[in-house]
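K.L.:
give the three-dimensional model of this entry:
(2 chains, ligands or ions: 4)
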Amino acid sequence: MNINTTTTVSCDADKWFKVGKISDIPSRGARCINNGDMKIAIFRTQDDQIFALEDKCPHSSGPLSQGIVHDGCVTCPLHNWVISLESGLAQGADKGATKSFPTKLDGETILLNLSYTLAEVSED
Amino acid sequence: MKKKLVVIGNGMAPGRMLEDLYDKAPDAYDVTIFNAEPRVNYNRLMLSPVLSGEKTYEDIITHDDAWYDEKNITLHKAARISKIDREAKTVTSERGVVADYDKLVIATGSNPFIIPLPGKDLEGVLTYRDLDDVDKMIDYSKKGGRAVVIGGGLLGLEAAAGLREQGMEVTVIHLMPTLMERQLDQAAGYLLEKAFVDRDIQVLCEANTKEILGEDGKVAGVLLADSTKIDATIVVMAVGIRPSADLAKDAGLDTNRGILVSDDMLTSDPNIYALGECVEHREQVYGLVAPLYEMASTIAENLLEGSSEYTGSVTATKLKVTGIDLYSAGDFAEAEDRQEIVLRDATAGVYKRLVLKDDKIIGAVLYGETSDGPWFFDMLKKGTNVSEMRDTLIFGQAYQGGAALDPTAAVAALPDDAEICGCNGVCKSTIVNKINELNLTTIDEVRAHTKASNSCGTCTGLVEQLMAVTLGDSFDPDAVQSMCKCTDLGHGDVRRLIVAKELKTIPEVMQELEWKTSCGCAKCRPALNYYLVADWPSEYADDYQSRYINERVHANIQKDGTYSVVPRMWGGVTNAKELRAIADACDKYEIPLVKCTGGQRIDMFGIKKEDLPAIWADLGEAGFVSGQAYAKGLRTVKTCVGTDWCRFGTQDSTGLGIKLEKFMWGSWTPAKLKLAVSGCPRNCSEATCKDIGIICVDSGFEIHFAGAAGLDIKGTEVLGIVPTEEDALEYVVALAQMYREQGFYLERIYKWAKRIGYDEVRAQIMDNPQKRKTYFENFVESQKYAQIDPWSERVSGKDKHEFNPLATLELEPAE
Ligand code: SRM
Ligand SMILES: Cc1cc2nc3c(=O)[nH]c(=O)nc-3n(C[C@H](O)[C@H](O)[C@H](O)COP(=O)(O)OP(=O)(O)OC[C@H]3O[C@@H](n4cnc5c(N)ncnc54)[C@H](O)[C@@H]3O)c2cc1C
Ligand code: SF4
Ligand code: FES
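P.N.:
Numbering: from 1, shown residues only, chains lettered A, B, ... in the order given. Ligands and ions are numbered 1, 2, ... in the order given. Have a look, this model is predicted:
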């Protein structure tokens, strides 16, 4: 049997993709979106805010979508870096950033825009 | 007859001197102390935590009345000495008490400096020096209003933070352009100012107070030179201190800014020493305790006919405002012959600057992250040549010499004479020796016997790490440490309160136990989830979002984000059908690596998350269930071949292993739980290094527990021998349940057993049938809810969202 049911979506003129409903994501959890080679993690916080990050930890590319979500951050499952959901920046003493993308809610619907990132991610 | 020693002033310096003296020669002197304050000796450094409400006066007492009794010291409280008669060798108090001396120590400390401003005598103008000042500030703060603190140095800022904590509006007025300019450079001063502004404390630099305004004889406000007017109900003057030398001067002793002493700490009178902040030594006066303690030990020695010399000190400063980390030492002015190394991390709010001259550190300013302060300070004092490590110096000690980044390792690597506690000048070897000599096991004992971490307390973390290095496993900082930064409570308290208050959900725990964050963190949530699962098995709904990924999706995450799958192989026994199913799965899912684990079963690596339910479905058809190789729960039960095949086997070790695994699988435990059963003492299944092990013998089953063979290596302890297989099962299960109910999250059984005592475990499991039975029944009850194969649940569709992408985007968005 196959329980893989994914929806393929395209975007509107302003480049907003309707990627799903807020109830599709568990509170304090994440779901992934495939965008060609890139995986994007959509996070839902306890207070129902939605954030989108590339699913790639700045430390060693760990899948952030698999981490524990707490306050405005996610703790990477591989080596426990803490990444801000809003800015994609590593917190505390760790350094680095993950691309973060704008999201918005239209009622229950989550909209995602990939045409620009929220913070400039520098390579150094 | 004993010689008479009289001490004027009972502050921190003479307190230390008397300790040194009584350590060396308890019977050398008859001691009499006169103290202007109406109380015993207390830790003045800790007044700020008393002001902010974090501590009480009782918490900061250094010597209580019993101490003076026991030492036979006469302490006159509230007795200010007004006269020293050097001819007659007597001192006289304001109320007329006279005492004669053979040796006299003057330790009158210093007085807060009061700027002679109009209005300085109004009611509500306070200073910050002793407990009475703190009491007054707390009294005023109850009425609310605004406090103006004049002076942005160490004392002023601590007062400001404390008054704010007590609910007052606070303004700090500072004459210079940046705060604490004597200890900090401008950049750090700026960060500090920002931290105060963030706490809603107004900071006015380059502000000159012109007048304190009054109304009915009480403070009403402050007027600045630029005509700004600030309303205020109190004004705290914290602009500096002056050595209290008048008494000595009146007695004809040589004084300048302070009472002049030579290197042996004698004043111009050979029977009179001076000690502490009232002293001027080699043109220096000090306002921090570390140098005073060095003076104290010099005097203690010289009072006993020694010839100790005090040669001056370099000091380092820390600010004791909770949440602000600041450290400074030495000289950090810029000059041509100096180089500086600066590290800034704006996001983390960290600023570090070292000033070097001739390849030696001469100044250090650390803001935001100060753990390397003592290390830099140590090199500064020793004049260590740092040219070799220049490039990495600023990153701190952990980065040197390729050593691990682990703070404990860094502490272990410190030289013996490295200073750990700056206030008390305690070096590493002193602490280590005392721990070993006196078997010290708690931080309080170490404080009592070494003084380390006993003054300002900022080195507590270092001391704890040093204890961990010295004591290894037997040091359990968890007993005192909070679970994580979200709470002040330790694991023990949290577990107790969950049961006592019947807290049954994570939000309820966080609400009732006053969690400091809105939804916890990656440390506390998994712990709370376990405690609730263990304590309320029939009621609690497991919160998967509070589980680590492996337990959430029932597979082990790998470094590339794929997963590994380990099915149970009961007792390590398998058959052709199972092996065939595994082989088929390997082909079908193109599994890159198949490996026999150290736990007697087979691990398949490199599986994509999306494929997990499908491979589980295939394996499930062959009868496999999850091996929980990811769980803080029952892992493996290793067995050897036992009586069935082995010529030495005494019992059916394979059979018992399988029974145990079938009985106990699925149960969650504080940390992972691994068992083994060996058929004879040759012990081929390595039962004597497992969490729980059984060695079969002719007369029955010898049960072992608390072994370790991972990060630590430790042979097991024997629980006892039982005659039958049924007994073995019951005792093992009861022991596991006792651990489930008492262990702290991530605490392996060997650490738990050590913490509560092996005998306690034996007493409850071997000698108390009632307890044993209850544990056993509790385990059986909880297994009703736990023994559901998580793989088959997910094959049937549970947690679908975990394994499916939310959406797939079209690469080229359509217009
Ligand atoms: C697969 C295996 C190695 C192997 O190929 O043989 C293994 C693999 C891992 N071990 Fe292990 N351990 C394996 C047997 C052991 C053993 C031997 C044993 O069980 O008899 C030990 C020593 C005994 C012990 O547990 O103390 C062992 C001591 C550890 C430790 C140290 C635990 C400790 O408290 O000292 C860790 C780290 C931890 O748990 O924090 C660890 C952690 C790990 C992790 C989970 C590392 C991680 O966090 O990702 C590895 C997971 C790999 C995976 O995806 O499956 N593994 N590990 C073994 C699986 C056994 C099984 O069938 O379930
Ligand atoms: C709020 C605060 C925070 C501080 N924080 C730190 C810190 O973090 N680190 C640090 O190193 N230092 C700190 N200090 C400074 C430190 O407390 C002093 O350096 C130290 O206490 C001085 O010790 P002392 O024995 O010389 O004088 P004191 O401790 O001041 O003791 C002098 C005593 O003598 C009494 N006395 C004075 N005249 C007479 C007399 N004629 N007859 C009888 N008794 C008399 C006084 O009442 C007083 O009790 C702080 C000080 C304060 C006030
Ligand atoms: S020994 Fe270390 S590297 Fe090897 S499996 Fe265990 S945890 Fe991984
Ligand atoms: S990959 Fe995220 S912490 Fe290492």
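K.L.:
does ligand 1 sit close to stretch B:657-676?
P.N.:
Yes. Judged by CB under 6 Å from any ligand atom, stretch B:657-676 comes into contact with ligand 1 through residue B:674. Quick note: C-beta positions are derived from backbone N, CA and C, even for glycine.
K.L.:
got the CA positions of that stretch in CSV?
P.N.:
Once non-C-alpha atoms are left out, stretch B:657-676 reads as follows in CSV (Å, rounded to 0.1, in the frame of the first residue of the first chain):
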residue,chain,number,x,y,z
GLY,B,657,16.3,-13.7,27.5
ILE,B,658,13.5,-14.1,25.0
LYS,B,659,10.9,-14.1,27.9
LEU,B,660,12.3,-11.0,29.3
GLU,B,661,12.4,-9.2,26.0
LYS,B,662,8.8,-10.2,25.2
PHE,B,663,7.7,-9.1,28.6
MET,B,664,9.4,-5.8,28.6
TRP,B,665,9.6,-4.5,25.1
GLY,B,666,7.9,-1.2,24.4
SER,B,667,8.4,0.2,27.8
TRP,B,668,9.9,3.7,28.1
THR,B,669,12.7,4.3,30.6
PRO,B,670,14.6,7.3,31.8
ALA,B,671,17.5,6.4,29.5
LYS,B,672,18.1,3.3,27.4
LEU,B,673,17.9,0.0,29.1
LYS,B,674,19.9,-3.0,27.9
LEU,B,675,19.8,-6.5,29.3
ALA,B,676,21.7,-9.7,28.9
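K.L.:
just the buried positions in that stretch, please.
P.N.:
B:657-661, B:663-676 (16 or more other CB atoms under 10 Å in any protein chain shown).
K.L.:
what is the mean pLDDT for that stretch?
P.N.:
The average pLDDT within stretch B:657-676 is 98.
K.L.:
ok but residue B:417 is inside a helix, no?
P.N.:
No. When DSSP: H, G, I helix; E, B strand; the rest coil is applied, residue B:417 is found to be coil, with no helix at that position.
K.L.:
show me what contacts the residue nearest to it when sequence neighbours are not counted?
P.N.:
Nearest non-adjacent residue to residue B:417, counting by CB to CB, 6 or more residues apart in numbering or on different chains: residue B:427, 5.0 Å away. Contacts here follow CB atoms under 8 Å, 6 or more residues apart in numbering or on different chains; on that basis residue B:427 touches B:416-420.
K.L.:
scan the residues you listed and report the most crowded one.
P.N.:
The most crowded member of the contacts of residue B:427, judged by other CB atoms under 10 Å in any protein chain shown, is residue B:420 (25 neighbours).
K.L.:
what backbone torsions are found at residue B:774?
P.N.:
phi -60, psi -50 (degrees, to the nearest 10).
K.L.:
contacting residues for the residue of chain A found nearest ligand 1?
P.N.:
Nearest residue of chain A to ligand 1 (CB to the nearest ligand atom) works out as residue A:78 at 8.6 Å. Contacts of residue A:78 were listed using CB under 8 Å, 6+ apart, and they are A:57, A:59-60, A:62, B:557, B:559.
K.L.:
again with residue B:558
P.N.:
By CB under 8 Å, 6+ apart, the contact set of residue B:558 is B:564, B:605-606.
K.L.:
now the most centrally placed residue in chain B: closest residue in space, sequence neighbours ignored.
P.N.:
Taking CA atoms, centre = their mean, the centroid of chain B lies closest to residue B:461, which sits 4.4 Å from it. In space, and not counting its chain neighbours, residue B:461 is closest to residue B:371: 7.2 Å by CB to CB, 6+ apart.
K.L.:
what score does that neighbour have for pLDDT?
P.N.:
81.
K.L.:
these two touch, right, it and residue B:396?
P.N.:
Yes. Residue B:371 is within contact range of residue B:396, at 7.1 Å (criterion: CB atoms under 8 Å).
K.L.:
so which helix or strand of chain B has the lowest pLDDT on average?
P.N.:
Counting by mean pLDDT, DSSP states H and E, chain B has its least confident helix or strand at helix B:407-413, which shows a mean of 74.
K.L.:
quick one: list the elements packing against that one.
P.N.:
Contacts defined by 3 or more CB pairs under 8 Å, 6 or more residues apart in numbering or on different chains; DSSP states H and E place helix B:407-413 against helix B:460-471.
K.L.:
show residues contacting the helix it packs on.
P.N.:
Helix B:460-471 has contacts (CB under 8 Å, 6+ apart) with B:371, B:374, B:407-408, B:411-412, B:420-421, B:428, B:431-432, B:435-436, B:440-441, B:443, B:446, B:452-453, B:475, B:477.
K.L.:
which of these are close to ligand 1?
P.N.:
Counting by CB under 6 Å from any ligand atom, the subset of the contacts of helix B:460-471 that neighbours ligand 1 is empty.
K.L.:
ok, residue B:230 touching residue B:150?
P.N.:
No. Using CB under 8 Å, residue B:230 makes no contact with residue B:150, being 10.8 Å away.
K.L.:
assumed the residue of chain A closest to ligand 1 was part of a strand.
P.N.:
No. The assignment for residue A:78, made by three-state DSSP, is coil rather than a strand.
K.L.:
returning to that earlier point: of residue B:230 and residue B:150, which one has the most company?
P.N.:
residue B:150 (24 against 19).
K.L.:
was I right about the more buried one contacting residue B:232?
P.N.:
No. When contacts are counted by CB under 8 Å, residue B:150 is not listed as touching residue B:232 (10.3 Å).
K.L.:
which of the contacts of residue B:558 fall within helices?
P.N.:
Among the contacts of residue B:558, no residue falls in helices (DSSP state H).
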